[in-house]
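1. predicted structure and sequence below. I'll ask about it afterward.
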Amino acid sequence: MVSNPIVKIEAIQEKGRIDRIKGMVTLAAGAAILGGYALHENAQKKDAAHTDTTSAPAITAVATSTPEKIREPKVKGTPIVPFVPNGKDDRENMISFNNYWEKTSLEALEIFRDADPIMPRLIEFTKQNAVYPVAQGPVATMRVLKDGEWDKPPSPHEFEIVFMPEQYAAKMRSSVQTEPDGHTMRVAATFQMKEWLGIILAHELSHIYALQIQGENPFSESEWLGGEVKAHKLEAKLLRHWNPQMYDEMLQKMAHITRTIANPHNEIDQLEEEYYPITSNYVGPREKRLAAASIVTSTSFDLARAQGATDENLKGHYQKIVQFLKSRPPRK
Ligand SMILES: [Zn+2]
């Protein structure tokens, strides 16, 4: 018998440490910095009414004002069926929540199993060590015992993937972040496309694996930058794996744009929407910011590598990309 099946775990908030290494809390400072890149709420709502792009009247109505929003992306994605709480029993709900996000996360990662040799290791590491507690606040989380036992045997490498409900996600500095100790990752629970979830999880898992297994020192700027380079090189591989032909086509256009235009914000917006599903018809606004940062950073890295950039060069390159992302105007 377990008298209190719900065990509350207060995560330790190491605010001082976190502040000292600003930007560490990942997805790349890039995504955090894309804060000014949010869709206007009204535009978002308007588009949500037109998710069925096969409806001719809806297309006509939207096309007059925002033609780029209804363009069908060339690369298809897999929508995520949202988690619906049963509304009856907290404990049952929490177990369902845990099971739902574990299944969804692993399915999202499996899409990319063959994209890079690190992926099977990251997937296995996640299967063995990830737990999916319920957020009780910006930091506190709660886990449920199943039949009096933890759902996974205790492990020194255990880490939390916390899917944050909107009330807490809205206060995060980025829609995804990993704590410097490598034992907690927080992800906004509003992902709508499995491929983007897989890519973003893989990026964060790359950090967790580096911090826990590969001995990355989170307080060394050089090692931290090296971790970002590694995570973004992985993202680039996953994007290409999603659709190699389309990725290479986009890469060529990106090369042309960046060679010929000084501040190609609009051109890059259009490319992103045309090739990978990041319009508001396909993804949520938080996911969209991450996706946009992913595409810019991935293509930029691949173009630099094609010109002979080393990992060391990419650290400086990464910092420039962050500046570029910071300068992007909000999307119309
Ligand atoms: Zn990162």
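-> Looks like it came in fine.
2. so which bits of the stretch 201-332 of the chain are right by the ion?
-> Contact residues of the stretch 201-332 of the chain with respect to the ion, defined by Cβ under 5 Å from the ion, are listed as Glu228, Ala231. Yep, even glycine has a C-beta here, placed from its N, CA and C like the rest.
3. for the spatially most central residue of the chain, give me its contacts.
-> With distances taken as Cα atoms, centre = their mean, Ile200 lies nearest the centre of the chain, 3.0 Å away. Residues near Ile200 by Cβ atoms under 8 Å, 6 or more residues apart in numbering: Leu27, Val176, Val187, Phe191, Glu287, Leu290, Ser294.
4. tell me if I am right that it is in a helix.
-> Yes - secondary structure of Ile200 (DSSP: H, G, I helix; E, B strand; the rest coil): part of a helix.
5. that older thread, and the contacts of Ile200, which is closest to the ion?
-> Minimum separation from the ion among these (Cβ to the ion) is found for Leu27, which lies at 5.3 Å.
6. who touches Asn129 in this structure?
-> With Cβ under 8 Å, 6+ apart as the criterion, the residues that contact Asn129 are Lys152, Ser155, His157, Glu158, Phe159.
7. if I look at it, how far off is the ion?
-> Per Cβ to the ion, to the nearest Å, Asn129 is found 19 Å from the ion.
8. nearest residue to that residue in space, please, no chain neighbours.
-> Among residues not flanking Asn129 along the chain, His157 sits closest, at 4.5 Å (Cβ to Cβ, 6 or more residues apart in numbering).
9. just to revisit the earlier point, ok, so of the contacts of Asn129, who is nearest the ion?
-> The nearest member of those to the ion, counting by Cβ to the ion, is Phe159 at 15.1 Å.
10. does the closest one touch Thr184 like I think?
-> Yes - if you go by Cβ atoms under 8 Å, Phe159 and Thr184 touch, sitting 6.4 Å apart.
11. pick out whichever of these two has more residues nearby.
-> Phe159 (24 against 19; other Cβ atoms under 10 Å).
12. taking the stretch 151-300 of the chain, what residue is nearest to the ion?
-> Nearest to the ion, among the residues of the stretch 151-300 of the chain, is Ala231, at 4.5 Å (Cβ to the ion).
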